[in-house]
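**Q** sequence and predicted structure, then a few things I'm wondering about:
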Amino acid sequence: MHIAITREVSQSIENCELTHLERTPINHATARDQHAAYETVLASLGYQIQRLPAEPTMPDSVFVEDVAVVLDEIAIITRPGALSRRDERPSIERALRPYRQLAHIKSPGILDGGDVLRVGRDIWIGVSSRSNIDAINQFRFYVGCHGYQVHSVNVRDCLHLKSAVTAVDDTTVLVNPARVDLSNFKNQQCIQVDPSEPEAANVLRVGPTVIAASAFPRTAALIEAAGFAVVTVDASELAKAEGALTCCSLLFDMPVYEPHQPPPPAG
Ligand code: CIR
């Protein structure tokens with residue numbers, strides 16, 4: 001079974017953190033409708049939506065991706081780089097506890113899930129205003145035993161690594177080369193965003209389907225031309241809060257438990 005943890009848009013989203021954008025009015029009802037449409041697409045692709053209630057005092061709490069990184073073997077609860085976002089953790093931790101063993105990024109580490117990109121058994125972590133080397137070393141310690149290679153990577157002119165590059169499948173990434181060096185992805189097939197759409201690199205891979213923002217049709221056409229099925233959603237209101245598509249959900253599969261082995265017959 002596939003699970004998507006989401007959270008309703010906070011009534012206070014207008015007070016969100018902003019790093020690169022000017023503050024502009026955010027219409028809560030529009031943001032909520034766009035978020036619901038995003039959930040509908042995930043549900044249509046086979047995900048069971050576990051929507052957490054809105055957190056009225058946590059403006060950015062709809063961006064659940066930043067608070068945890070869920071792998072098949074373990075979930076890492078992050079320590080968000082923005083102080084205002086640290087209280088988002090307990091509810092996400094409660095939601096994940098039934099499904100995964102948990103580990104925690106601790107001070108002085110800071111990490112936003114938006115900086116963590118998994119492609120197959122490789123994990124790139126962006127060094128950004130929200131994520132530091134200490135957290136990357138903690139992360140590597142937690143996941144190395146599960147066979148993941150963790151690489152740190154510099155990003156520029158954007159909030160998170162996944163504002164610069166996301167996975168399209170286990171061997172392909174969608175990249176804005178102005179924000180992250182292509183040389184980091186020598187072993188991957190790279191699709192480059194259309195240069196007129198610098199914000200287009202954040203797409204959400206859902207099985208064989210790629211969810212892309214309808215604001216970036218040229219990049220969507222490039223992804224389709226590379227042979228991928230693309231579904232578009234309007235995420236323009238959440239984009240005013242510097243949120244994109246990966247940030248609004250935590251996607252994972254139910255763990256598969258081995259059936260308990262009966263004891264060997266006596267004698
Ligand atoms: C923030 O600055 O934390 C939010 N306004 C936006 C977070 C977007 N998260 C993401 O891209 N993973």
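**A** Received it, and whenever you're ready, just let me know what you need.
**Q** helix, strand or coil for the residue of the stretch 101-250 of the chain found nearest the ligand?
**A** Ranked by C-beta to the nearest ligand atom, the top residue of the stretch 101-250 of the chain for proximity to the ligand is residue 114, at 2.5 Å. (C-beta placed from N, C-alpha, C; glycine too.) Of the three states, residue 114 takes helix under DSSP: H, G, I helix; E, B strand; the rest coil.
**Q** neighbours around it, how many?
**A** Residue 114 is flanked by 29 other residues according to other C-beta atoms under 10 Å.
**Q** ditto for residue 149
**A** 12.
**Q** and it, what are its bridge partners?
**A** Beta-bridge partners for residue 149, by DSSP bridges, are residue 122.
**Q** isn't it up against residue 120?
**A** No. Here residue 149 does not reach residue 120: they are 9.3 Å apart, not a contact under C-beta atoms under 8 Å.
**Q** would you mind listing what in the stretch 101-250 of the chain touches the ligand?
**A** 114, 160, 241, 242, 243, 244, 247 (C-beta under 6 Å from any ligand atom).
**Q** now render those residues as TSV, adding pLDDT, secondary structure and distance to residue 37.
**A** Listed next are these as TSV, based on pLDDT from 0 to 100; DSSP: H, G, I helix; E, B strand; the rest coil; distance: C-beta to C-beta, whole Å:
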residue	pLDDT	secondary structure	distance to residue 37
114	98	helix	21
160	98	coil	23
241	98	coil	17
242	98	coil	20
243	97	coil	14
244	96	coil	15
247	98	helix	16
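**Q** which among those end up buried?
**A** The neighbour-count criterion (16 or more other C-beta atoms under 10 Å) marks 114, 160, 241, 242, 243, 244, 247 among these as buried.
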